[in-house]
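Novice: Give me a model of this one.
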Amino acid sequence: LGGAVVSWVLLISGWSMGLGLSLVYLHPFLTLWECLAAAAPIGLTLSTWIGVLFKSTLFRSVPGLPPSIGIVTCLLQIVISIMCFVKKSQCWSRNHTKIAKAQLLHFSLSFLPLVFLSFWLAMIHYTHSLLEEGGKYHVGGSVYGDLPFHLTIITSILHGVNQYATPLTSGLQAAFFADSPLVYPWIPDYHAALVAGSGSTFHFALCYPGIMLTSSFFFLLFFLYFRMTQSRRIALMSVPITFFAGGIGGFLWLLYDGTWKTLLAEDHVLVNSLSRTIEFYWFSLPAHILFPQRTTQFAYSISLLVLIVIHKAYTSKPSPVTVFHRKSSLVIDDDLKGKNGAPKEHFTMGAVPNEHDTLKLFGAAGFICGLLPLLQVHSFAAVGLVILTVAFIHVVKIGGTVVKSMRTNSNLSWAFQIAKGHQLKWWLVFGIASWGIGMPQNLAFFMKVLFPTHRPSARSFLRFMLISSDFPPQGNIILLWLQALGFYVPLYLAD
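Specialist: Residues are numbered from 1 along each chain as shown. Presented below is the predicted three-dimensional model:
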């Protein structure tokens, strides 16, 4: 019972720490509800790092991860949470409460399906995470292949070959990768080991953090879609399209099969509706990714949060106001007319940052992105490609406006565009923050690729290539792209 209490406190205080840090550094530019969704991935990731630091210093000679590490981690998380909430309370006003209530009213109907989806996933997590019944352990389908891999690492940290090892001082070892050190994003499994070492069962350590993280993922997914489209309808429809793999698989079933019998009776996770073979997968996000691949539970939520913060910082028009005075998050926009010519409500997500605030948001996004390599290095690379694309477009736009201003010979316009060039430091701040934190974590991955001790795994670890060249059922990159987008194409074009 005592161990279960420590494990619960470890999770709750970690979540509380994540919420406190999100409120201090991201609110009011992100909404209160986005901060609540971001609390789990931020809090549980930092909780793991706190445990790693304690293990690497005070408990270096102690075998495994005893409950004492969980207890001191809880205490530090509680202290950080209190400090953050006290700091935030000093600048919290009635206007913030009013805005939060307006946001909740605005999103209330949209939140209900997301809450239902979260509970549904929670039930699946519960039955897929090493559940014990009658003295026997079992897992759900699609998890049976990956979970032994993760359990090997978790138990080796608690009781096996890695019980004295810390990733800060030495690499991890694994029996299934015996000929060289294991280069792997170990933070998710280290967190499970930390929770289990505090006295809980493996089922608890795998199940409840997974519930928190996947729920956060779908809420953050909704908020990102809403920021991109400013449409609750499209944002809400996009979440189940993602959840039910509305691209490859679901799209083909609708076009070529379309019968209720095959929809309900066949395994569409593995079988292509058209050819009845497993050459063309219905890529199920929960079944293939979120449940078996524990790294994605952390990394996908963190990735979405990075994109949300960048989107807010990049698309908001800087305000010249430097004191704490922000625009309301629910305003009437006269440019948007509703029925009978009356203005309709237009939702503005969060306060408008000034130049200093924008730099802080880019720095915060870079710090969060820097947490990704040891959660899932592929997510770090993917987010980096998105950010590089947006930064390139921004540079081209600035260059185009400067050239245009030179042609007009307008001194005022020229001076304005030169002043606008300082926006390039936004991306510099993001890059320094993300790589400053991520580079030490990436060194092991660079060594794996550049100086491999196990060449087959190095070749398959990370590749940049057109997916159509390695996807036999559809070699045309344009058609593959459209099939993968599926229902997103008509949904977003119709807006």
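
Novice: hey, let's count contacts and neighbours off CA atoms from now on
Specialist: Fine.

Novice: pLDDT weak spots in the stretch 301-450 of the chain?
Specialist: 317-348, 402, 405-422, 448-450 (pLDDT under 70).

Novice: please redo it, this time with the cut-off set to 80
Specialist: 316-350, 398-423, 442-450 (pLDDT under 80).

Novice: Next: the stretch 101-250 of the chain.
Specialist: Low-confidence segments of the stretch 101-250 of the chain (pLDDT under 80): 127-128, 131-145, 165-183, 243-250.

Novice: quick check, residue 371 in a strand?
Specialist: No: counting by DSSP: H, G, I helix; E, B strand; the rest coil, residue 371 falls outside a strand, being coil.

Novice: Am I right that it is in contact with residue 437?
Specialist: Yes: if you go by C-alpha atoms under 8 Å, residue 371 and residue 437 touch, sitting 7.1 Å apart.

Novice: The two - which one has more neighbours?
Specialist: The residue with more neighbours, out of residue 371 and residue 437, is residue 371; 26 against 19, by other C-alpha atoms under 10 Å.

Novice: how about that one, what does it touch?
Specialist: By C-alpha atoms under 8 Å, 6 or more residues apart in numbering, residue 371 lies in contact with 45, 434, 437-438.

Novice: which of these are buried?
Specialist: 45, 434, 437-438 (16 or more other C-alpha atoms under 10 Å).

Novice: and the residue most central in space within the chain, what does it touch?
Specialist: Nearest to the mean C-alpha position of the chain, by C-alpha atoms, centre = their mean, lies residue 301 at 1.8 Å. The contact partners of residue 301, taken as C-alpha under 8 Å, 6+ apart, are 38, 41, 213-214, 216-217, 220.

Novice: now with 6 Å?
Specialist: residue 217 (C-alpha atoms under 6 Å, 6 or more residues apart in numbering).

Novice: So it versus residue 101, what's the distance?
Specialist: Look at residue 301 and residue 101: by C-alpha to C-alpha, to the nearest Å, they are 25 Å apart.

Novice: do residue 143 as well
Specialist: From residue 143 to residue 101 the distance is 40 Å (C-alpha to C-alpha).

Novice: Neighbour count: these two, which is higher?
Specialist: residue 143 (21 against 13).

Novice: helix, strand or coil for the residue nearest to the more buried one when sequence neighbours are not counted?
Specialist: Closest residue in space to residue 143, ignoring its immediate chain neighbours: residue 292 at 4.6 Å, by C-alpha to C-alpha, 6 or more residues apart in numbering. Under three-state DSSP, residue 292 falls in the coil class.

Novice: what about the residue nearest to the centre of the chain, helix or strand, and which?
Specialist: helix 294-315 (DSSP states H and E).

Novice: and that helix, which residues are buried?
Specialist: 294-314.

Novice: Which residue ranges of this structure form strands?
Specialist: 131-133, 136-138, 330-337, 343-347 (DSSP state E).

Novice: All the helices of the stretch 101-250 of the chain, residue numbers only.
Specialist: Ranges of helices in the stretch 101-250 of the chain, per DSSP state H, counting those that start in this stretch, are 147-158, 187-197, 202-229, 232-243, 250-256.

Novice: Check which helices and strands the longest one is in contact with.
Specialist: For helix 202-229, the packing partners by 3 or more C-alpha pairs under 6 Å, 6 or more residues apart in numbering; DSSP states H and E come out as helix 94-128, helix 187-197, helix 232-243, helix 294-315.

Novice: got the buried residues for it?
Specialist: Across helix 202-229, burial judged by 16+ other C-alpha under 10 Å covers 202-227.

Novice: Run the chain-centre distance for that helix.
Specialist: 8 Å (C-alpha atoms, centre = their mean, to the nearest Å).

Novice: burial measure for residue 426, as a count.
Specialist: For residue 426, using other C-alpha under 10 Å, the count is 20.

Novice: again, but for residue 368
Specialist: By other C-alpha under 10 Å, the residues close to residue 368 number 21.

Novice: any idea how far the closest residue to residue 436 other than its chain neighbours is from residue 187?
Specialist: Spatial nearest neighbour of residue 436, excluding adjacent residues (C-alpha to C-alpha, 6+ apart): residue 370 at 7.4 Å. Distance, residue 370 to residue 187, by C-alpha to C-alpha: 13 Å.

Novice: swap in residue 136?
Specialist: Using C-alpha to C-alpha, residue 136 is found at 28 Å from residue 187.

Novice: ok so, going back, so what does the residue nearest to residue 143 look like in phi/psi?
Specialist: Note on residue 292: its backbone torsions stand at phi -80, psi -40 [degrees, to the nearest 10].

Novice: so it touches residue 144, yeah?
Specialist: No: Residue 292 is not in contact with residue 144 according to C-alpha atoms under 6 Å; the separation is 7.8 Å.

Novice: So the two - more neighbours on which side?
Specialist: Applying other C-alpha under 10 Å to residue 292 and residue 144 shows that residue 292 carries more neighbours, namely 23 against 15.

Novice: Just the C-alphas of stretch 41-55, formatted as CSV.
Specialist: The C-alpha trace of stretch 41-55 is given here as CSV (Å, rounded to 0.1, in the frame of the first residue of the first chain):
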residue,chain,number,x,y,z
PRO,A,41,4.3,15.0,-21.1
ILE,A,42,6.3,17.9,-19.7
GLY,A,43,5.9,16.7,-16.1
LEU,A,44,6.6,13.0,-16.6
THR,A,45,9.6,13.7,-18.8
LEU,A,46,11.2,16.1,-16.3
SER,A,47,10.3,13.7,-13.5
THR,A,48,12.3,11.0,-15.2
TRP,A,49,15.3,13.3,-15.5
ILE,A,50,15.1,14.2,-11.8
GLY,A,51,15.2,10.5,-11.0
VAL,A,52,18.2,10.1,-13.3
LEU,A,53,20.1,12.9,-11.6
PHE,A,54,19.4,11.5,-8.1
LYS,A,55,20.5,8.1,-9.3
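
Novice: Distance from the chain centre to it, please.
Specialist: Distance, stretch centre to chain centre, for stretch 41-55: 16 Å (C-alpha atoms, centre = their mean).
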